[in-house]
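[1] Fold the following, please.
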Amino acid sequence: MRSFVVAIVVLGLFSYWRWRTKWRHASAEALPATSGGGGTRVLVDDAGIAIDAGGPPLRLAWDNVGRVHIESVEGGLNADAVTWVLTPATGGAPVRVAQTATGADAMIARLQQLPGFRYEPMIQSMITTDATEFLVWER
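    Numbers count the residues shown, from 1 in each chain. Now for the predicted structure:
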């Protein structure tokens, strides 16, 4: 029963945080300017994730994700301060996705379905003001 209550509280805190950041960035002047390419887009499907930042898309298959962590910047507490980092299991450069990227919500929802995904560090990353790394999943 206790773990159920903790899970509900954690999900409630995350939902509140998402609502708060969407409300704060509702006006156009609060949003960062994007480049002519329209900013970074995240595309998610059953096979994996693709990042389109104006150049050739980066692709990472779900079965090649070896580690997922979240980086926060000093003085954070907003969505712009959070970056999701997906490290390939086979080596290579990690894929970095800003919390504010178009389609990031779909990516986060899919990452939460990974077996053993840890919600506590995810919530902690959203409320910290320190430059820190939070491991949320590892193969």
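
[2] Which is the succeeding secondary structure element to the helix or strand containing L43?
    Per DSSP states H and E, L43 falls inside strand 41-44. Of the helices and strands lying after strand 41-44 in sequence (DSSP H and E), the nearest is strand 48-52.

[3] Now the spatially most central residue of the chain: closest residue in space, sequence neighbours ignored.
    Closest to where the C-alpha atoms of the chain average out (CA atoms, centre = their mean) is W84, at 4.2 Å. Nearest non-adjacent residue to W84, counting by CB to CB, 6 or more residues apart in numbering: V97, 4.6 Å away. Where you see a C-beta, it was placed from the backbone N, CA and C, and this is true even at glycine.

[4] Look up how far M1 lies from that neighbour.
    Counting by CB to CB, to the nearest Å, the separation of V97 from M1 is 36 Å.

[5] Likewise for V73?
    For V73 relative to M1 (CB to CB), the value is 37 Å.

[6] can you check W62 too?
    To M1, W62 is 33 Å away according to CB to CB.

[7] picking that back up, between V73 and M1, which one's more packed in?
    Using other CB atoms under 10 Å as the criterion, V73 and M1 rank with V73 on top: 15 against 5.

[8] my read: that one touches T132, true?
    No - using CB atoms under 8 Å, V73 is not in contact with T132, being 9.1 Å away.

[9] okay, and for the protein, where does confidence drop off?
    Filtered on pLDDT under 70, the chain yields the residue ranges 4-7, 9-38, 75-81.
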